[in-house]
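K.L.:
any chance you can model this:
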Amino acid sequence: MKVDIGVFAHNEAAGIGGMVAGLLTQDMGAFDVRILVLANGCTDRTADLARAAGAEVADLPDGGKSRTWNRFVHDLSRADADILIFADADIALPEADALRRLVEGLQAQPGLHVMNSRPVKDIVARPDGLGWQDRLIAMAGGTLDDWRKAICGQLYAMPAARARAHWMPVGLPVEDGFLRAMVLTDTLTVPEDLSRIDGGDIWHIYESERSIPALIRHQVRIVIGSAINMALFETIRALPAPARAGALQQAAAQPGWLGDVIRARLPRWPDGYVPLHFLTKRSQNLLRDRARLLTPKGILLLCAGFGFDLIVYVMAQIRMARGTGAGHW
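P.N.:
Numbers count the residues shown, from 1 in each chain. Predicted coordinates for the structure are as follows:
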């Protein structure tokens, strides 16, 4: 069994040596493993330090996660690889056999297209000595609630043949959400099949945003990415079903394609660039919980949550209006 691990790294000089060292000590059993650091668009010493730590490196001049995903899957992974593992360079693996169990999870369920690792914030995994701001951020959600049926782009595995059925447009702000839709629906040609994605007992730690402004910037990216994905899905569905996969393959070779879609589909009345439900979803969920709402804490959460979402919503609209929505890392 051949397993290729693609480590997505953009200006990760500070931590890439430790990441590579951790990967090299992973217990991969009898699997034939290749570690490839995908240093994309780096302006620091990420590539040099990854090589010094013992990894093979692809030093790619152009940045962007969806572009790099296409390169890893279709050009840089071994043609005879059985499993591809996708890992961000800034995560930590607390368990020495995490990657082996990720692969074994795919082997145990032949119908799976994706096996996920559960993401855990560092301030949740290591809660000692947190200040009030860290505790507030930790309360905002320690993990991805639907991680078993979503795709957490920080760490997941796919059978190579199934990954190679997909291509992603260059410049996607939220590439894992786009990939999820393509995986579940064969590029929007069949109804969603949630049985194609699962997660075992594997988990990883990722670095949380440590300030409110950083958390806002992160959420703006998520909201923009989700809005762009919705526009993309409309564009893909407008094509004949047999032509959809081929159209995405062509789009992956055209860096301006995503921008053309955004200009053609957005803004729209009455939402603008970002649908209104991104502003109201959290508040609506709180309003359904009447018992919780009729408490001082519930009222505080409602007001604070709506205020946070309003700031994110307005900033997302502004960024999109300025033409800076696509192309996020």
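K.L.:
now do the contacts for the one residue sitting closest to the centre of the chain.
P.N.:
In the chain, the residue lying closest to the centroid (Cα atoms, centre = their mean) is Gly153, at 3.1 Å. Residues in contact with Gly153 (Cβ atoms under 8 Å, 6 or more residues apart in numbering) are Lys65, Phe86, Asp88, Glu175, Asp176, Leu179. From N, CA and C alone the C-beta is placed, and that goes for glycine too.
K.L.:
ok, now with 6 Å
P.N.:
Asp176 (Cβ atoms under 6 Å, 6 or more residues apart in numbering).
K.L.:
report the secondary structure element holding it.
P.N.:
Here Gly153, judged by DSSP states H and E, is contained in no helix and no strand.
K.L.:
can you give me the strands for the stretch 1-150 of the chain?
P.N.:
2-9, 32-40, 56-60, 83-88, 91-92, 114-121 (DSSP state E, counting those that start in this stretch).
K.L.:
can you list those in TSV and add distance to Gln250 and mean neighbour count?
P.N.:
Formatted as TSV, those follow (distance: least, Cβ to Cβ, whole Å; neighbours: other Cβ atoms under 10 Å):
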stretch	distance to Gln250	mean neighbour count
strand 2-9	23	24
strand 32-40	21	22
strand 56-60	21	18
strand 83-88	22	24
strand 91-92	32	18
strand 114-121	24	23
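K.L.:
make CSV from those strands and add distance to Phe306 to it.
P.N.:
Rendered in CSV, the data for the strands of the stretch 1-150 of the chain read as follows (distance: least, Cβ to Cβ, whole Å):
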stretch, distance to Phe306
strand 2-9, 34
strand 32-40, 37
strand 56-60, 41
strand 83-88, 31
strand 91-92, 32
strand 114-121, 23
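K.L.:
between those, which one is nearest to Ile311?
P.N.:
Proximity to Ile311 (Cβ to Cβ) singles out strand 114-121 among these, at 21.1 Å.
K.L.:
quick revisit: for Phe278, which of the strands of the stretch 1-150 of the chain is the nearest?
P.N.:
Using Cβ to Cβ, these put strand 114-121 closest to Phe278, at 21.1 Å.
K.L.:
for the record, mean pLDDT for that closest one?
P.N.:
For strand 114-121, mean pLDDT is 94.
K.L.:
where does the residue nearest to the centre of the chain land on pLDDT?
P.N.:
94.
K.L.:
related to what we said a few turns ago, which of the strands of the stretch 1-150 of the chain sits closest to Ala321?
P.N.:
strand 32-40 (27.9 Å).
K.L.:
hmm, back to that, any idea how far the residue nearest to the centre of the chain lies from Met168?
P.N.:
Per Cβ to Cβ, to the nearest Å, Gly153 is found 11 Å from Met168.
K.L.:
ok, now how distant is the residue nearest to Asp32 when sequence neighbours are not counted from Arg162?
P.N.:
Sequence neighbours aside, Lys2 is the residue nearest to Asp32 in space, at 4.6 Å (criterion: Cβ to Cβ, 6 or more residues apart in numbering). Here Lys2 is placed at a distance of 15 Å from Arg162 (Cβ to Cβ).
K.L.:
re the thing from before, Arg217 is nearest to which of the strands of the stretch 1-150 of the chain?
P.N.:
That would be strand 114-121 among the strands of the stretch 1-150 of the chain, by Cβ to Cβ, at 16.3 Å.
K.L.:
neighbouring contacts of that closest one?
P.N.:
Here strand 114-121 has contacts from 102, 105-106, 142-144, 147, 151-152, 154-158, 183, 197, 199, 202-206, 208, using Cβ under 6 Å, 6+ apart.
K.L.:
next: stretch 15-32.
P.N.:
Outside stretch 15-32, the residues touching it (Cβ under 6 Å, 6+ apart) are 1-3, 9, 35, 46, 49-50, 53-55, 89-90, 93, 96-97, 99-100.
K.L.:
which among the residues you listed end up buried?
P.N.:
Among the contacts of stretch 15-32, the ones that count as buried by 16 or more other Cβ atoms under 10 Å are 2-3, 9, 35, 46, 49-50, 53, 55, 89-90, 93, 99-100.
K.L.:
could I get those residues as JSON lines with pLDDT and distance to Gln249?
P.N.:
What follows is the buried ones among the contacts of stretch 15-32, written out as JSON lines (pLDDT from 0 to 100; distance: Cβ to Cβ, whole Å):
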{"residue": "Lys2", "pLDDT": "98", "distance to Gln249": "24"}
{"residue": "Val3", "pLDDT": "98", "distance to Gln249": "25"}
{"residue": "Ala9", "pLDDT": "98", "distance to Gln249": "25"}
{"residue": "Ile35", "pLDDT": "97", "distance to Gln249": "27"}
{"residue": "Thr46", "pLDDT": "98", "distance to Gln249": "29"}
{"residue": "Leu49", "pLDDT": "98", "distance to Gln249": "34"}
{"residue": "Ala50", "pLDDT": "98", "distance to Gln249": "29"}
{"residue": "Ala53", "pLDDT": "97", "distance to Gln249": "34"}
{"residue": "Ala55", "pLDDT": "96", "distance to Gln249": "29"}
{"residue": "Ala89", "pLDDT": "97", "distance to Gln249": "27"}
{"residue": "Asp90", "pLDDT": "95", "distance to Gln249": "30"}
{"residue": "Leu93", "pLDDT": "96", "distance to Gln249": "33"}
{"residue": "Leu99", "pLDDT": "97", "distance to Gln249": "29"}
{"residue": "Arg100", "pLDDT": "97", "distance to Gln249": "32"}
